[in-house]
Each structure stands twice: as structure tokens, then as C-alpha cells.
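*Asks:* With the input below, show me the fold.
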Amino acid sequence: MVPTLTEKDMSKLLAQPDKLTDEGFRDHAILLTLIDTGIRLPELAGMKVPDIDYDQNLIRVMGKGSRERYAPSGRPVAKTMMKYQMKHRPEALGTDHFWLRHDGQSLTSQRVQRIETSFGDKAGLNRCYPHKLRHSSLVMYLRNGGDVFSLQKKLGHRSLSITRRYSNLAYRDVRDRHLKYGVADHLRI
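*Replies:* This is a model prediction of the structure:
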């Protein structure tokens, strides 16, 4: 089982980039996008400018097996991505990729992973890596009231059995909370 980050961990991670610089703002936007959408690292790195629909809060991503899907994002992510594109994104050199290095070249998956790992270390998080962030995002989605069917669609999973792995962890949360707050456990019987 992949360990998950807490909300506090995610807040610490998001506080690390210096949002006053172009690269720092980009890094913050990348981390926020990964946390909110739960998309895979290559899907994020492969995003192109036309893939973002700010009006609908959707991002077109190419998933495993070159399957296209639309990942929803929240309004704060859409606003942050738009601000990155309008104010902090350098002029692209020969690419239509959305995430760019300071020199206008595409940002690779490996570079995004180094960014995340570096900020995870600065935040004092134990082994912060892309799949851990994805897993944390998806479990938190369920904890916040999301359902497994919408999660399945969001992830692009063909089978609900794959998505159930995330819900099993969330069900353990329910069990643990019940053991702590269950009615019979607090009655004098």
C-alpha cells in the first residue's frame, strides 16, 4: 500500500516554492495541479496549451495506452494555471507544451519529479514522490465525499476493481473513525 500525505503535509509542500519568482510560481502551480487533479506525472508533463479549458475547469490528458480523457480541476487550480500562463510562463521555443523551463523549453517528467522531491525534502516530508502525491490526492477525494464511480471516470480506469484500491483505504478510515466515535463504544453497557 502506498502511504499518503495528510492535508497538513500537502499544505507544507505547497508552501515551499517562492511564488514571487516565475519558476517558483510555476512549481507551486504544478504541485497544486497534481494534488487537485490526481493526474499522473507524464500526463502533467505532456499537457499542451490547447488542452486546458478554463471555462469548464477541464484538462485534456493522454493517459496510459494513449487514451484521452478530461481531468476536472477546481477553480483555484484553473486560476493558478491561468496566472502562470499569463504572467509567469516564459515564451515557448518550438513547443506548445504548457509547463516550461525558464528557457522556454518543455519541462520533462524527470524534472517535475525532481521539483516535487526537492520541495518534499524542504517540507520535511518522508519520501515525497509523484505516485505518493497522486495516491494522496485520490484518497483525500474520497475522504472529502467523492464517490468511487466519479473517481473511476476521473482516473480513466476501465475497471472499477482498480479504483477500489483507493476506496479500500478510505473504508479503513471509516472503520477507524467508527472505532473512535461509534455510539456503542461510548455507552455504559
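*Asks:* okay, CA-based contacts and neighbour counts for the rest of this
*Replies:* OK.
*Asks:* My guess is Arg127 contacts Gly120. True?
*Replies:* Yes. Applying Cα atoms under 8 Å as the test, Arg127 and Gly120 come out as touching, 7.1 Å apart.
*Asks:* Which one's more surrounded, the two?
*Replies:* Between Arg127 and Gly120, counted using other Cα atoms under 10 Å, Gly120 has the larger neighbour count: 21 against 13.
*Asks:* Name the nearest residue to the more buried one, ignoring sequence neighbours.
*Replies:* Cys128 (5.1 Å; Cα to Cα, 6 or more residues apart in numbering).
*Asks:* pretty sure Ile59 is in a strand, no?
*Replies:* Yes. Assessed with DSSP: H, G, I helix; E, B strand; the rest coil, Ile59 lies in a strand.
*Asks:* distance of it from Lys12?
*Replies:* 25 Å (Cα to Cα, to the nearest Å).
*Asks:* gap between stretch 108-127 and the chain center?
*Replies:* 13 Å (Cα atoms, centre = their mean, to the nearest Å).
*Asks:* Can I get it in PDB, CA atoms only?
*Replies:* This file holds the C-alpha atoms of stretch 108-127, laid out as PDB (Å, rounded to 0.1, in the frame of the first residue of the first chain):
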ATOM      1  CA  THR A 108      10.200  16.900 -18.600                       C
ATOM      2  CA  SER A 109       8.600  14.300 -16.300                       C
ATOM      3  CA  GLN A 110      12.000  13.800 -14.700                       C
ATOM      4  CA  ARG A 111      12.400  17.500 -13.900                       C
ATOM      5  CA  VAL A 112       8.900  17.600 -12.400                       C
ATOM      6  CA  GLN A 113       9.800  14.700 -10.200                       C
ATOM      7  CA  ARG A 114      13.000  16.400  -9.000                       C
ATOM      8  CA  ILE A 115      11.000  19.500  -8.200                       C
ATOM      9  CA  GLU A 116       8.500  17.600  -6.200                       C
ATOM     10  CA  THR A 117      11.100  15.500  -4.400                       C
ATOM     11  CA  SER A 118      13.200  18.700  -3.600                       C
ATOM     12  CA  PHE A 119      10.200  20.600  -2.100                       C
ATOM     13  CA  GLY A 120       9.100  17.400  -0.200                       C
ATOM     14  CA  ASP A 121      12.600  17.300   1.400                       C
ATOM     15  CA  LYS A 122      12.400  21.000   2.300                       C
ATOM     16  CA  ALA A 123       9.000  20.500   3.800                       C
ATOM     17  CA  GLY A 124      10.400  17.600   5.900                       C
ATOM     18  CA  LEU A 125       8.100  15.000   4.200                       C
ATOM     19  CA  ASN A 126       9.300  11.400   4.200                       C
ATOM     20  CA  ARG A 127       9.900  10.400   0.600                       C
END
